[in-house]
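# my questions concern the predicted model and sequence given below.
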Amino acid sequence: MYTKCLATTLIISIICSLPQAVLAHPADGYPPNEMPPAYGTEAYGRPPECNINDLTFSPSYPDPAALTDIERYMIVGCTNSSLGYALQPWYDEVFMAVNAIYSHSDSVPPQLSEELIRSISVCPESVPEEHINIFRNPITGEFPRLDAAEFSPGDVYIRILTPEEREHFAALSALDDGIWDRGEFTTPLGDTIQVELTTEVYYMRVYGLTAPIIERIMYRFRTVE
């Protein structure tokens, strides 16, 4: 009897000492949307003159065929998930969460957390954990770092542009077409539409398994009647 109890205790101790399983990301196991045709070519990257301070843009990104499904989901989203509905590109979900947090606190946190995500919800206590998991790092299962200036799988480097950087990017008309700097943009038909920003203007870099997989100037705007 003593031997059996000792063995049972040993097994329980081993199980308890193992790393706890991380809930799967809702996109795990679901095919991502189609990648942009130009992804992996210079047409999708940014020229070297875009780089300023610690804000960098890859001239080209990895070959899409070399990316995992979860990395492609991070870039383009998926039409189905374990939640039963489509998910937006992961980097976009994180961007909107960061901007909402910034609008409440005037700062970008070093890392997302369940508490922060609930804090920007209308009814924090009613947000299902499954929805919270959308914001987890799809590669590690942890909540992503937002201050990853150096490579870190599945993490993010995101911050608001300084006045100097805004001026730098505003001079590169091909990058933004004047939307966030001049308050207007030109449609493919040549019409000029007046707009106003609904978010701050950020730089965002997202890392995949081995390299950055997207770097963008991020913002949202609405048309002005």
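Now that the structure is in, tell me what you want to look at.
# the helix or strand of the chain with the lowest mean pLDDT: what's the following helix or strand?
Sorting the helices and strands of the chain by mean pLDDT, DSSP states H and E puts helix 2-17 at the bottom, at a mean of 36. Per DSSP states H and E, the first helix or strand lying C-terminal to helix 2-17 is helix 69-76.
# which elements pack onto that following helix?
Applying 3 or more C-beta pairs under 8 Å, 6 or more residues apart in numbering; DSSP states H and E, we find helix 69-76 packed against helix 90-105, strand 212-218. The C-beta positions use only the backbone N, C-alpha and C, and glycine is treated the same way.
# any idea of the angle the longest one forms with helix 69-76?
Here the directions of helix 90-105 and helix 69-76 differ by 60 degrees (axes from the mean of the first three to the mean of the last three C-alpha atoms, to 10 degrees).
# and helix 90-105, what other elements does it pack with?
Where contact means 3+ C-beta pairs under 8 Å, 6+ apart, helix 90-105 is packed against helix 69-76, helix 114-119, strand 156-160, strand 202-207, strand 212-218.
# I'd like those as CSV, with mean pLDDT, distance to residue 37 and mean neighbour count appended.
Converted to CSV, those look like this (pLDDT from 0 to 100; distance: least, C-beta to C-beta, whole Å; neighbours: other C-beta atoms under 10 Å):
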stretch, mean pLDDT, distance to residue 37, mean neighbour count
helix 69-76, 98, 12, 22
helix 114-119, 94, 33, 15
strand 156-160, 98, 25, 21
strand 202-207, 97, 20, 22
strand 212-218, 94, 15, 20
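# any idea how far residue 120 is from the closest residue to residue 131 other than its chain neighbours?
Leaving aside its sequence neighbours, residue 131 sits nearest to residue 83 (C-beta to C-beta, 6 or more residues apart in numbering; 7.2 Å). According to C-beta to C-beta, to the nearest Å, residue 83 and residue 120 sit 19 Å apart.
# quick check on the two: which one has the bigger neighbour count.
A count of neighbours by other C-beta atoms under 10 Å puts residue 120 above the other of residue 83 and residue 120, at 18 against 15.
# is the residue nearest to residue 131 in a helix, a strand, or coil?
coil (DSSP: H, G, I helix; E, B strand; the rest coil).
# which SS state does the nearest residue to residue 127 once chain neighbours are set aside fall under?
In space, residue 127 comes closest to residue 121 once its chain neighbours are excluded; the distance is 4.9 Å by C-beta to C-beta, 6+ apart. Secondary structure assignment for residue 121 (three-state DSSP): coil.
# residues touching the most centrally placed residue in the chain, list them.
Nearest residue to the geometric centre of the chain (C-alpha atoms, centre = their mean): residue 91, 2.2 Å. By C-beta atoms under 8 Å, 6 or more residues apart in numbering, the contact set of residue 91 is 74, 75, 156, 204, 206, 214, 216.
# ok, residue 165 - contacts?
By C-beta under 8 Å, 6+ apart, the neighbours of residue 165 are 52, 53, 55, 203.
# any idea how far the second one is from residue 164?
Using C-beta to C-beta, one gets 8 Å for the distance from residue 53 to residue 164.
# so where is the protein shaky, pLDDT-wise?
In the predicted model of the chain, residues 1-23, 173-178 satisfy pLDDT under 70.
# closest to residue 96 out of the contacts of residue 91?
Residue 96 has its nearest neighbour among those in residue 204, at 11.2 Å by C-beta to C-beta.
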